[in-house]
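Novice: Predicted structure and sequence below. I'll ask about it afterward.
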Amino acid sequence: MAKKPAQNRPQKMSHPKVTRPGSAVMGDVRIIGGDWRGRKLPVLMAEGLRPTSDRVRETLFNWLRFDVAGSHCLDLFAGSGALGFEALSRGAKSVTFLELSIPVAQQLKTNLKTLNAPAAQVVQRDSLQWLDQRVEQPFDIIFLDPPFKQGLMQLAVDKLFINGIIKNQQAWLYLEQEKSLDWPNLPDGWVCHREKTTSQVRFGLFRQV
């Protein structure tokens, strides 16, 4: 990838606020279920930041209701970390957040300390580069919501499967992208289990059958 994008996920957020002239613009995301239900976490509003909306997260985690507890999750292009934090709140055994932006990654680390969540880690690195490695433990649930209009979805999906980062058969793959786009090509046997659209995004949950 020639240009490193800001790895964040836009969408509905609370109104931004600036604490003082020249300071960072902050918003927040709200955890909607689990142990930290109702908890609001500050989010650094970097360029392109698009946290997955409350409505979309509620739908997704209803789909995953019986599979999150005890799972190992990967939140690619983490941005606000809304999906990863939601998974932790609902009993995920571990979550790895991948985020390129240094200040955004630092905010993720700060939020993890606030929540006292030692089962999670933040990796400040380009997600596509990280996906070029092999991992000791494949992930049970992968959240993939790359920056829009940069052609990153198919590249990320290909790397996930080439390098064995996602567990076949037992794993869930969540994809969120522009509403107008077709789903990326997946390996044989992988199908869309559930999907929906909003005014802006298309989101779906995939698994191997």
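Specialist: Ah, there it is. Bear in mind the structure is a predicted one, so any value in this text is a computation, not a measurement.

Novice: Excluding chain neighbours, what is closest to the spatially most central residue of the chain?
Specialist: Ranked by distance to the mean C-alpha position of the chain (C-alpha atoms, centre = their mean), the top residue is D75 at 3.9 Å. Computed as C-beta to C-beta, 6 or more residues apart in numbering, the closest residue to D75 that is not its neighbour in sequence is G84, at 3.6 Å. From N, CA and C alone the C-beta is placed, and that goes for glycine too.

Novice: can you confirm the one you found is in a helix?
Specialist: Yes: inclusion of G84 in a helix is indicated when DSSP: H, G, I helix; E, B strand; the rest coil is applied.

Novice: show me the residues around it that make contact.
Specialist: With contacts taken as C-beta atoms under 8 Å, 6 or more residues apart in numbering, G84 has the following neighbours: 73, 75, 78, 95, 97, 120, 143.

Novice: Find the pair from the residues you listed with maximum spatial separation.
Specialist: Checked with C-beta to C-beta, the contacts of G84 reach their widest spread between A120 and F143, with 12.9 Å between them.

Novice: Compare those two (neighbour count), which wins?
Specialist: In this view A120 and F143 are compared by other C-beta atoms under 10 Å, and F143 has more residues nearby, 27 against 23.

Novice: send the alpha carbons of the helix ranked longest in the chain over as PDB?
Specialist: With DSSP state H applied, the helix covering the greatest number of residues in the chain is identified as helix 102-115. Provided in PDB are the C-alpha atoms of helix 102-115 (Å, rounded to 0.1, in the frame of the first residue of the first chain):
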ATOM      1  CA  ILE A 102       0.000   6.600  17.100                       C
ATOM      2  CA  PRO A 103      -2.400   9.000  19.000                       C
ATOM      3  CA  VAL A 104      -5.400   6.800  18.300                       C
ATOM      4  CA  ALA A 105      -3.500   3.700  19.500                       C
ATOM      5  CA  GLN A 106      -2.500   5.500  22.600                       C
ATOM      6  CA  GLN A 107      -6.100   6.400  23.300                       C
ATOM      7  CA  LEU A 108      -7.100   2.700  22.900                       C
ATOM      8  CA  LYS A 109      -4.400   1.800  25.500                       C
ATOM      9  CA  THR A 110      -5.700   4.500  27.900                       C
ATOM     10  CA  ASN A 111      -9.200   3.200  27.600                       C
ATOM     11  CA  LEU A 112      -8.000  -0.400  28.300                       C
ATOM     12  CA  LYS A 113      -6.300   0.800  31.500                       C
ATOM     13  CA  THR A 114      -9.500   2.700  32.500                       C
ATOM     14  CA  LEU A 115     -11.500  -0.500  32.000                       C
END
